[in-house]
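> coords please:
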Amino acid sequence: MTPINLAEKLALFSTHWDPHVVADYNGNDVMVVKFQGEFPFHQHPDTDDFFLVLEGEMTMDIGDQSHTVRAGELFIVPRGQTHRPRAARECKVLLIEPKGEPNTGDPATAAAKPRL
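Predicted coordinates for the structure are as follows:
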């Protein structure tokens, strides 16, 4: 029961598309991640996907639509929807996902989620 400084946690790594767990919440991982470039299109068949932009700007591609998400805004991708986040410049994001949910929707291609 101590405050978690997200800026401090984000300063601990420089990689992109590499989520780091900073807290647990009701069976979910609360993570910080840096986006730059394009992540592959993917889907999560059993869970929604939660994105809160902390700094910068990202675009969420879903089908033939693109949604700009700016600092202070959140975006939820409904379960089963094929999507791709991307960012032209580095963007810092908070994610919430059920523990064990692969970031690509596929355990074979998912990134590890180290704890900070």
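> tell me which residues in the strand ranked longest in the chain are buried?
In the chain, assigned by DSSP state E, the strand with the most residues is strand 83-98. Within strand 83-98, the residues that count as buried by 16 or more other Cβ atoms under 10 Å are 83, 85, 87, 91-97. All C-beta atoms are positioned from the backbone trio N, CA, C, and that covers glycine.
> Which element, helix or strand, includes Ala7?
Element membership of Ala7 [criterion: DSSP states H and E] is helix 6-10.
> who are the neighbours of that helix, in terms of helices and strands?
Applying 3 or more Cβ pairs under 8 Å, 6 or more residues apart in numbering; DSSP states H and E, one finds that helix 6-10 contacts strand 20-25, strand 28-38.
> at 10 Å what do you get?
Judged by 3 or more Cβ pairs under 10 Å, 6 or more residues apart in numbering; DSSP states H and E, helix 6-10 is in contact with strand 20-25, strand 28-38, strand 49-55, strand 83-98.
> will you turn those strands into CSV that also has distance to Gly63 and mean pLDDT?
Shown next, in CSV, are the helices and strands packed on helix 6-10 (distance: least, Cβ to Cβ, whole Å; pLDDT from 0 to 100):
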stretch, distance to Gly63, mean pLDDT
strand 20-25, 30, 95
strand 28-38, 16, 96
strand 49-55, 15, 97
strand 83-98, 8, 96
